[in-house]
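Q: I need the structure of the sequence given here:
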Amino acid sequence: MHTELTKTAEKPGPAAAGRDARPASARPPAPEVKPVAAAPLPALSEVKPEPAPPPPEKKPDASHNGKEQLPAPKAFGVKYILIGLLLVLAILLAIYIFPNGCTKEEEKKPAPASAPAPEKKPAPVSLRTIEQCLQYYDRQDYPMALSCFRERADSAEVHDPRAQYELGRIYRDGVIPPKNISLAKFYFGKSAAQAWQGQNNARHALDMLNGNAPAAPKK
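A: A predicted model of the protein is given here:
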């Protein structure tokens with residue numbers, strides 16, 4: 001068995017079979033390998049850039065008579081420009097037509113004349129009643145009775161004939177001195193000129209002061 005292993009070891013392998021089995025002295029010399037010299041690099045100043053290719057020539061369009069055709073504007077921008085112009089025109093037109101909130105035709109129309117303000121009438125004075133005046137007289141409060149009768153006799157709204165008659169009596173009799181016959185005649189005359197229950201009494205009193213003495217009126 002040891003002999004077989006030795007023989008197996010002595011057998012040359014496939015790699016060893018291709019080798020030269022001759023001794024080194026008998027072998028031919030190996031060829032010399034000369035190094036290949038590298039080509040020298042050109043200097044930077046000698047490097048010339050390659051020229052760029054010329055741009056393609058634009059052929060004139062026959063529809064534009066040889067003129068260069070401009071690029072078409074964007075439709076989006078033109079749309080908003082037109083809208084802005086229309087808005088500006090609308091504003092200017094509104095300012096021209098309605099400068100002060102009305103048209104020119106309305107401006108030419110004269111303003112209607114304002115109606116005159118109605119005259120303010122003085123508020124009617126709250127007069128005392130004839131009964132109150134008679135109560136003053138019955139209580140012998142003659143100053144109050146005089147002012148109360150005069151208030152009703154001289155009032156433009158009332159012209160009370162009864163108050164006028166009582167004033168005539170006060171001035172004739174001198175209830176508040178002195179007597180005043182002229183004022184007594186004045187108030188008797190105003191009372192006699194009105195149609196009321198004591199009209200005949202006022203006429204009789206006036207006739208008595210004037211010197212006429214007719215028969216006393218029937219009550």
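Q: for this protein, what spans make up the helices?
A: Per DSSP state H, the chain carries helices over the ranges 2-10, 14-17, 75-97, 104-108, 130-138, 142-153, 161-173, 181-192, 199-209.
Q: Check those helices for me and report the most buried one.
A: Each of those was scored by mean neighbour count; the highest is helix 161-173, a mean of 22, by mean count of other CB atoms under 10 Å. Where you see a C-beta, it was placed from the backbone N, CA and C, and this is true even at glycine.
Q: Using PDB, list the CA coordinates for that helix.
A: The C-alpha coordinates for helix 161-173 follow below in PDB (Å, rounded to 0.1, in the frame of the first residue of the first chain):
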ATOM      1  CA  PRO A 161    -121.400 137.400  26.400                       C
ATOM      2  CA  ARG A 162    -122.200 136.500  30.000                       C
ATOM      3  CA  ALA A 163    -118.700 137.500  31.100                       C
ATOM      4  CA  GLN A 164    -119.000 140.800  29.100                       C
ATOM      5  CA  TYR A 165    -122.300 141.500  30.800                       C
ATOM      6  CA  GLU A 166    -120.800 140.900  34.300                       C
ATOM      7  CA  LEU A 167    -117.900 143.200  33.400                       C
ATOM      8  CA  GLY A 168    -120.300 145.900  32.500                       C
ATOM      9  CA  ARG A 169    -122.000 145.600  35.900                       C
ATOM     10  CA  ILE A 170    -118.700 145.800  37.800                       C
ATOM     11  CA  TYR A 171    -117.500 148.900  35.900                       C
ATOM     12  CA  ARG A 172    -121.000 150.600  36.200                       C
ATOM     13  CA  ASP A 173    -121.500 149.900  39.900                       C
END
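Q: what sits against residue 132?
A: Contacts were defined as CB atoms under 8 Å, 6 or more residues apart in numbering; by that measure residue 132 touches residue 148.
Q: Do you know the pLDDT at it?
A: Per-residue pLDDT puts residue 132 at 94.
Q: again with residue 192
A: pLDDT, read off for residue 192, is 94.
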